[in-house]
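Novice: Provided below are the primary sequence and the corresponding predicted coordinates.
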Amino acid sequence: MWSYDKKQTEILDIEEGYDRFAHDYKKHHKFLWDFDKNLWKRFMPKDLEWKVIVDLWCGDGRVSSFFAWKNIKEYVWVDVSENMLKSTKAYVTKIKHDLNIKFPIQDNFADIVISLFTLLHVDNIQNFLEESYRILKEDGVFVIFHHTERRNYKYSEWRNYFKIHTNTWNYKQVEELLEYNFFKYKIYEVKEDWILNWKYYVCSK
């Protein structure tokens with residue numbers, strides 16, 4: 001399981017950390033769905049027929065069930081963790097890749113790009129947004145879910161505890177870089193008890 005912890009714990013890079021945690025990841029789907037409120041579904045086009053979808057930092061593909069019976073053209077998972085990508089989905093194209101460097105995807109490829117809980121694990125956010133813009137079609141939609149971490153989660157693997165490296169990109173930084181990279185976007189805030197906790201950015205070219 002995962003939890004918050006103040007004690008000194010080994011911090012792993014994202015590839016090793018999620019490779020080690022992949023076998024337990026499904027246990028936390030409900031937590032993640034509750035966390036992001038599953039609002040990303042509201043920002044999907046009503047007509048998904050023959051759409052190309054790219055899920056950046058797909059994890060084990062927890063959002064893929066939404067697209068399973070849609071007549072989409074192609075669904076691409078991108079993740080740095082080999083073990084996360086091992087989840088079996090016959091209709092998925094899988095790419096193991098570090099999102100800090102140029103994506104191995106052609107220009108104007110995707111109708112929809114999804115990025116949930118991703119920016120915390122991206123070191124080169126400028127490159128990430130440039131590349132996301134490059135692969136998105138002119139009339140496409142790019143959905144980002146972002147929250148700010150005060151401290152890292154602590155994970156456990158057979159009683160061995162570790163944390164995974166994260167970055168602390170604040171909302172202002174994200175919004176400035178979205179504008180710098182020519183994205184048009186709308187902000188949807190997620191609040192609890194009137195306190196802002198998370199934001200969705202729904203972007204287009």
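Specialist: Arrived safely, thanks for sending.

Novice: Let me see the mean pLDDT of stretch 89-99.
Specialist: For stretch 89-99, mean pLDDT is 91.

Novice: buried ones in it?
Specialist: Lys89, Val92, Lys94, His97, Leu99 (16 or more other Cβ atoms under 10 Å). Backbone N, C-alpha and C define where each C-beta goes, glycine included.

Novice: In this structure the third one contacts Trp77, no?
Specialist: Yes: in terms of Cβ atoms under 8 Å, Lys94 counts as a neighbour of Trp77; the distance is 4.9 Å.

Novice: okay, and the common contacts of those two?
Specialist: By Cβ atoms under 8 Å, 6 or more residues apart in numbering, Lys94 and Trp77 have these common neighbours: Leu85.

Novice: Touching, Ile72 and Asp55? I think so.
Specialist: No: counting by Cβ under 8 Å, Asp55 is not a contact partner of Ile72; they are 11.8 Å apart.

Novice: Looking at the two, which one has more neighbours?
Specialist: Neighbour count, other Cβ atoms under 10 Å: between Ile72 and Asp55, Asp55 has more, with 24 against 17.

Novice: Enumerate every residue touching Asn197.
Specialist: So Asn197 contacts His147, Val190, Lys191 (Cβ under 8 Å, 6+ apart).

Novice: what's the answer for Leu120, then?
Specialist: Contacts of Leu120 by Cβ under 8 Å, 6+ apart are His146, His147, Glu149, Thr166, Asn167, Trp169.

Novice: ok so, going back, nearest to Ser204, of the buried residues of stretch 89-99?
Specialist: Leu99 (20.2 Å; Cβ to Cβ).

Novice: Doesn't the closest one lie inside a helix?
Specialist: No: under DSSP: H, G, I helix; E, B strand; the rest coil, Leu99 sits outside any helix and is assigned coil.

Novice: Appreciated, that's everything.
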